[in-house]
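*Asks:* here is a sequence with its predicted model. Questions after.
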Amino acid sequence: MSSNAITIPGAQIEARPWVDELHQWLTTVDHKRLGILYVLSALLFLAIGGVEALIIRIQLMRPHNDFVSPEVFNRMFTMHGTTMIFFVAMPVLFGFANYLVPLMIGARDMAFPRLNAFSFWLSFLGALLLYFSFLGGSGLYGAGSAPDVGWWSYAPLSARAFSPGHSSDYWTLALLVSGFGSIGTAINIIATILCLRCPGMKLNRMPLLVWMNLVMAGMVLLAITPLSAAQIMLLIDRYLGGHFFDTQAGGSAVLWMHFFWIFGHPEVYVLIIPCFAFMSEIIPVFSRKPIFGYPVMVAATVCIAFVSMSVWAHHMFTIGMNSYANSFFTLTTMAVGVPTGIKIFNWIGTMWGGTIQFKTPMLFSIAFLFQFLIAGLTGIMMAASPFDWQLSLSYFVVAHFHYVIVGGILFALFAAFYYWYPKMTGRMLSERLGKWHFWLFLIGFHLTFDVMHIPGMLGMPRRIYTYEPGRGWDTLNFIITVGAFIQALAILVFLANLVMSYFKGARAGNDPWDAWTLEWSISSPPPAYNFATVPTVGSRRPLWDLKHPEDPDSRYE
Amino acid sequence: MSAVTMTTTTAFPNTAAEWQLPSRGKVAMAGLIIAESAIFTIFVVAYLFYLGKSISGPTPREVLETPIFYTICLMSSSLTIHLAAKCLARGIGFAFLGFWLLTIALGGLFLYGTAEEWHRLIYEHGLTISTNLFGTTYYSLVGLHAFHVTAGLIMLVTVAVFGLSGRVGEKHSSRIDVLSMYWHFVDAVWVVVFTVVYVLGR
């Protein structure tokens, strides 16, 4: 049959009404569309959480400010933290995992497409529940209120007596529901990676992104579940009169802290390991070298996952644990620095001697390396329990974890956006706007979070509503707020870039970066079935083998 | 540079033939079991942590009686579901249904045992979830387990309905294996809960 005898699919199909298109998106079980839905919902909540951050910063811009009331201030920092961790960072990383993992292992979809859709809508429902608290927090009496007990919701503040109304319940339910979604996604990612690899894609040939998402998914199973269990206990306390965290009936507020941080610290690694994954794909491509030390990278990732499960109580040095516990958690926390350091050396080793191309994804990646290193170093400082006694609950801690989350995770995410946007949309993001975005965000980030360490060391506690003038914090806080607005401007440039490039960006083609993993072998955006023929791979860089048949990697394996 | 050309250029043309991957159902169930184990671990830790810390009575020693008979029921149901799965794999449909219904009966009996114990604790000893720390942790832990037994029973009954109408055959064997993994897990958790609540807890 000659090709012109076949009716070309799509040629005669009329443009569907937008309602149909919307219906297709809402009922989709395609991993690529769900991945994009995850990313879009995360961007929406990034904007909301960002506005909350700006409100906090305006309030703290100068002493004795009363831009918002203390009650609103408490709600803002609670909602900012909860939103950014659970409804921005987790969904956006799950979105990328959803989109990329099947493409990179040569699969046509995730192992359980409907579970995948279910998990996404659960997590989105969780986000809506959290924000519905603004209306329903006081039981719809007209004056609602959002949760205001901090993102870790320590007992007994979260008990009925101290958190009347429903605001804390919305917080609990939102995290419980989205937690179930996360567990579903994690199971799906694991099953996809273990059971749907294309022929030849042995475990030791998987792209590092796939490996690291496998480890991340395993950690989700062990880290999110304690939080779910603790939320169930909190609900029992609040609704059935239980006494888990009720100190007056012999319950323990400290137990909640343990349960929360058994979740809370591995959660940091759940968020950062996929970012390591982005780095491990992007840095080799823009250095024009294969990744340095592949097996060591895998081993270091698994090692981080194991060690990070036993470091949680370094968040609790100030509650008065005995010296054995303090020493144990100090040592384990410092031990995490070893495999993390190995990774940083491997990325530098990849760049070393490479022909580095300073495209926007690479700029963000290089900034990630520097900033994540500094974040890790202040982390080592905080790991020493005597040092932590001095600076815990100060702005030094706030600066430290924002260095990890913004300087590390967010920079890596921006690199991933610039790198994979062409695959997702078929259009390149503008390099010019990308450079504006990068430099503005870099300047804003360092103005805010470098400076933020100093008021912390000068004794400024976190979560305070306002402060007295003349303590040496005034100018510093003003600079921090200016930096925050520069970051907001950079985010606007980024969002503008996403929208404008979607319509006017240069055509990307299959493989704009001359990369080596399977997702670049198919069209951009990929067809619904991904691969017309399931590929067979013979090495870690299947596209290199294809492009260089005279010298394929598979010869050296 | 399509995927089609890639299959022809692979350096290992023989990999496709011997390419075998684990079953996604079993892997996913293993994942769920790991996640559930973490949830149960937290509840068990809470139970052990609060042992003897109740400010008022009743205490576990005063009111708990070891449910040996019902424990034997649940433990044996693991055996019967295993036999049922074996029979199905060998294509003995009648024996499969028999063992499957027996599993449901044993699971149901166990749930009845939990219900009876709760009824006694509530109406004879006045122990509810809000009475004291023991009540809170006991009902949460045992209740969480009973919830999983209930969920398992619903799935078992669903299969039984299909089985009785003749729609479960040898080709469903791997799915039945996945379900029996879950049931074995529920049993294994009971070993832990039993040890913690009725042996160590008293």
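*Replies:* That came in fine, so what should we check first?
*Asks:* every contact and neighbour count from this point should use C-alpha atoms.
*Replies:* Will do.
*Asks:* once you drop chain neighbours, what's closest to the residue nearest the centre of chain A?
*Replies:* Centroid-nearest residue in chain A, with C-alpha atoms, centre = their mean: residue A:89, separated by 3.0 Å. Excluding the flanking residues, the one nearest residue A:89 by C-alpha to C-alpha, 6 or more residues apart in numbering or on different chains is residue A:271, at 6.8 Å.
*Asks:* show me which residues of the stretch 151-300 of chain A sit near chain B.
*Replies:* Residues of the stretch 151-300 of chain A lying close to chain B by C-alpha under 8 Å from any C-alpha of the partner chain are A:183, A:187-188, A:190-192, A:194-197, A:199-200, A:221-222, A:225-226, A:228-230, A:240-244, A:249-251, A:255, A:259.
*Asks:* what about residue A:270, distance to residue A:219?
*Replies:* 6 Å (C-alpha to C-alpha, to the nearest Å).
*Asks:* ok so, going back, quick one: list the elements packing against the helix or strand containing the residue nearest to residue A:89.
*Replies:* Assigned by DSSP states H and E, residue A:271 falls within helix A:253-287. On a contact count with 3 or more C-alpha pairs under 8 Å, 6 or more residues apart in numbering or on different chains; DSSP states H and E, helix A:253-287 meets helix A:90-104, helix A:208-240, helix A:294-308, helix A:323-351, helix A:360-383, helix A:411-425.
*Asks:* quick one: which of the ones you listed is nearest residue A:496?
*Replies:* helix A:411-425 (13.2 Å; C-alpha to C-alpha).
*Asks:* next, the angle helix A:411-425 makes with the helix or strand following that closest one.
*Replies:* On the C-terminal side of helix A:411-425, the nearest following helix or strand under DSSP H and E is helix A:431-457. Put simply, helix A:431-457 runs at 150 degrees to helix A:411-425, going by axes from the mean of the first three to the mean of the last three C-alpha atoms, to 10 degrees.
*Asks:* filter the residues of the stretch 151-300 of chain A next to chain B to the buried ones?
*Replies:* A:183, A:187-188, A:190-192, A:194-197, A:199-200, A:221-222, A:225-226, A:228-230, A:241-244, A:249-251, A:255, A:259 (16 or more other C-alpha atoms under 10 Å in any protein chain shown).
*Asks:* could you list the low-pLDDT ranges of the chain?
*Replies:* This is for chain A. A:1-14, A:139-144 (pLDDT under 70).
*Asks:* not what I meant, chain B
*Replies:* In chain B, residues with pLDDT under 70: B:1-17.
*Asks:* tell me where it has helices.
*Replies:* B:3-9, B:24-49, B:60-63, B:68-89, B:93-125, B:133-164, B:173-194 (DSSP state H).
*Asks:* could you export those helices as JSON lines, including distance to chain A and mean neighbour count?
*Replies:* Output for the helices of chain B, formatted as JSON lines (distance: least, C-alpha to the nearest C-alpha, whole Å; neighbours: other C-alpha atoms under 10 Å in any protein chain shown):
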{"stretch": "helix B:3-9", "distance to chain A": "5", "mean neighbour count": "17"}
{"stretch": "helix B:24-49", "distance to chain A": "5", "mean neighbour count": "20"}
{"stretch": "helix B:60-63", "distance to chain A": "16", "mean neighbour count": "13"}
{"stretch": "helix B:68-89", "distance to chain A": "22", "mean neighbour count": "20"}
{"stretch": "helix B:93-125", "distance to chain A": "15", "mean neighbour count": "18"}
{"stretch": "helix B:133-164", "distance to chain A": "5", "mean neighbour count": "19"}
{"stretch": "helix B:173-194", "distance to chain A": "13", "mean neighbour count": "19"}
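*Asks:* out of the ones you listed, flag the one nearest residue A:301.
*Replies:* helix B:24-49 (19.1 Å).
*Asks:* what angle sits between the closest one and helix A:253-287?
*Replies:* Using the same axes, to 10 degrees: helix B:24-49 against helix A:253-287 is 150 degrees.
*Asks:* how far does helix B:24-49 sit from the chain's center?
*Replies:* 11 Å (C-alpha atoms, centre = their mean, to the nearest Å).
*Asks:* ok, residue 178 - contacts?
*Replies:* Just so you know, I chose chain A. A:86, A:119, A:122-127 (C-alpha atoms under 8 Å, 6 or more residues apart in numbering or on different chains).
*Asks:* try again with chain B
*Replies:* For residue B:178, the contacting residues are B:25-26, B:29, by C-alpha under 8 Å, 6+ apart.
*Asks:* right, and residue A:110 touches residue A:190 too?
*Replies:* No: using C-alpha atoms under 8 Å as the test, residue A:110 is too far from residue A:190 to be in contact (9.7 Å).
*Asks:* please report how far residue B:130 lies from chain A.
*Replies:* In this view, residue B:130 and chain A are 5 Å apart by C-alpha to the nearest C-alpha, to the nearest Å.
*Asks:* okay, now that residue: neighbour count?
*Replies:* 19 (other C-alpha atoms under 10 Å in any protein chain shown).
*Asks:* give me phi/psi at it?
*Replies:* Main-chain torsions, residue B:130, degrees, to the nearest 10: phi -100, psi 0.
*Asks:* same question, residue A:461
*Replies:* Dihedral angles (degrees, to the nearest 10) for residue A:461: phi -70, psi 150.
*Asks:* from what I see, it and residue A:394 are in contact.
*Replies:* Yes: contact criterion C-alpha under 8 Å: residue A:461 and residue A:394 qualify, at 4.1 Å.
*Asks:* so those two - more neighbours on which side?
*Replies:* Neighbour totals were compared for residue A:461 and residue A:394, and residue A:394 leads with 22 against 19 (other C-alpha under 10 Å).
*Asks:* coming back round to it: could you dump the helices of chain B into JSON lines and include distance to residue A:369?
*Replies:* Shown next, in JSON lines, are the helices of chain B (distance: least, C-alpha to C-alpha, whole Å):
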{"stretch": "helix B:3-9", "distance to residue A:369": "34"}
{"stretch": "helix B:24-49", "distance to residue A:369": "33"}
{"stretch": "helix B:60-63", "distance to residue A:369": "55"}
{"stretch": "helix B:68-89", "distance to residue A:369": "52"}
{"stretch": "helix B:93-125", "distance to residue A:369": "55"}
{"stretch": "helix B:133-164", "distance to residue A:369": "45"}
{"stretch": "helix B:173-194", "distance to residue A:369": "43"}
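*Asks:* residue A:381 and chain B, how far apart?
*Replies:* In terms of C-alpha to the nearest C-alpha, residue A:381 sits 30 Å off from chain B.
*Asks:* what's the spacing between that residue and residue A:331?
*Replies:* Distance from residue A:381 to residue A:331, by C-alpha to C-alpha: 12 Å.
*Asks:* show me the helices in the stretch 101-250 of chain A, by range?
*Replies:* Taking DSSP state H, counting those that start in this stretch as the test, the helices found in the stretch 101-250 of chain A are A:113-136, A:167-195, A:208-240.
*Asks:* what's the closest of these to residue A:356?
*Replies:* helix A:208-240 (19.9 Å).
*Asks:* that'll do, ta.
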